[in-house]
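K.L.:
Please work out how this folds:
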Amino acid sequence: MFDKLAAAAFISLSLAACSTQIGAPQASMSAIETIRGQTIPAINVGEFVPGPNLSPSDDKSVTIRAINNFKAPGGSFAGALRDTLTADLRAAGRFDSASPYVLQGTLNSRNVDSSIGTGTASLDAKFTLLKGGKPVFDKDLAVSTKWNSSFIGAVAIPDAINNFTGLYEKLSLKLFSDPDLKAAFDAH
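P.N.:
As a prediction, the model looks like this:
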C-alpha cells in the first residue's frame, strides 16, 4: 500500500513540477462589445513594459504552489497585456497602427497565490494614451479575484492559471469602459 501511495505522490509531483505556458491572448466578446459600445476611435498599441517594482524575471514567470513555473504568454506579462489590448481592439475594428492615438503602459504588479482554501490574483497597470506624442490620459488601474483553491495541486494550479489569466480580460474591460478614457477622446 505504501509503495502505491509513494508512486502516486511521485507521479503527481513530477507532473506538477513542469513549466506551464499558454498561447497568445485572444479577444473576448465582452471586450469587443465594450469597445464597440464606446466612442473609441482607432488606436495603436505601443510599448508595454514591466514597472520598477517588477523584476525582469517576475515579468517572465511566476511560481504557483512552489512547484509549477507558469511562463508568461509570449515571454512577458507586460507584453501579454499589450497583446490582450491589441487583440480586443483588432476584433472590435478599432486597431490602427497609423492612428495618432497610441496606448502604452507599465505593468506595476502581477500576483497569483493558490494557497489552500482561498486563491487570489491581481494585476495593476498604468495606462497612458498619447495623441501626437502628448499624453491625454494617464491612469493606474487594478483588478483582482478570489476563488476556492483546492488542496490538490493538480486542481489548484490550473485554477490559479485560469483565474490569473482571466484578469487580463477584466483589466482590458476596465480600461475601455473607464469614463476618464472616454473623456480624453471627447476632449481631443
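K.L.:
a strand runs through residue 138, doesn't it?
P.N.:
Yes - under DSSP: H, G, I helix; E, B strand; the rest coil, residue 138 sits within a strand.
K.L.:
And for it, the neighbour number?
P.N.:
Here the number of neighbours of residue 138 (other Cβ atoms under 10 Å) works out to 13. Yep, even glycine has a C-beta here, placed from its N, CA and C like the rest.
K.L.:
distance between stretch 167-181 and the chain's centre?
P.N.:
12 Å (Cα atoms, centre = their mean, to the nearest Å).
K.L.:
Can you report the mean pLDDT over the residues of it?
P.N.:
Stretch 167-181 shows a mean pLDDT of 96 in the predicted model.
K.L.:
which other residues reach that stretch?
P.N.:
With Cβ atoms under 8 Å, 6 or more residues apart in numbering as the test, stretch 167-181 has contacts from 25, 28, 30-31, 34-35, 38, 40, 80-81, 84-85, 88, 121-123, 125, 127, 129, 137, 139, 141-145.
K.L.:
The same query, at a cut-off of 7 Å, please.
P.N.:
25, 28, 30-31, 34-35, 38, 40, 80-81, 84-85, 88, 121, 123, 125, 127, 129, 137, 139, 141, 143, 145 (Cβ atoms under 7 Å, 6 or more residues apart in numbering).
K.L.:
Return it as PDB; C-alpha atoms alone will do.
P.N.:
Output of stretch 167-181 as PDB, limited to C-alpha atoms (Å, rounded to 0.1, in the frame of the first residue of the first chain):
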ATOM      1  CA  LEU A 167      -7.600  39.200 -15.200                       C
ATOM      2  CA  TYR A 168      -6.200  40.400 -18.500                       C
ATOM      3  CA  GLU A 169      -9.700  40.500 -19.900                       C
ATOM      4  CA  LYS A 170     -11.000  42.200 -16.800                       C
ATOM      5  CA  LEU A 171      -8.300  44.800 -17.000                       C
ATOM      6  CA  SER A 172      -9.000  45.400 -20.700                       C
ATOM      7  CA  LEU A 173     -12.700  45.800 -19.900                       C
ATOM      8  CA  LYS A 174     -11.900  48.200 -17.000                       C
ATOM      9  CA  LEU A 175      -9.700  50.300 -19.200                       C
ATOM     10  CA  PHE A 176     -12.100  50.600 -22.200                       C
ATOM     11  CA  SER A 177     -15.100  51.300 -20.000                       C
ATOM     12  CA  ASP A 178     -13.300  53.900 -17.900                       C
ATOM     13  CA  PRO A 179     -15.100  57.300 -18.100                       C
ATOM     14  CA  ASP A 180     -11.800  59.200 -18.000                       C
ATOM     15  CA  LEU A 181     -10.600  57.400 -21.100                       C
END
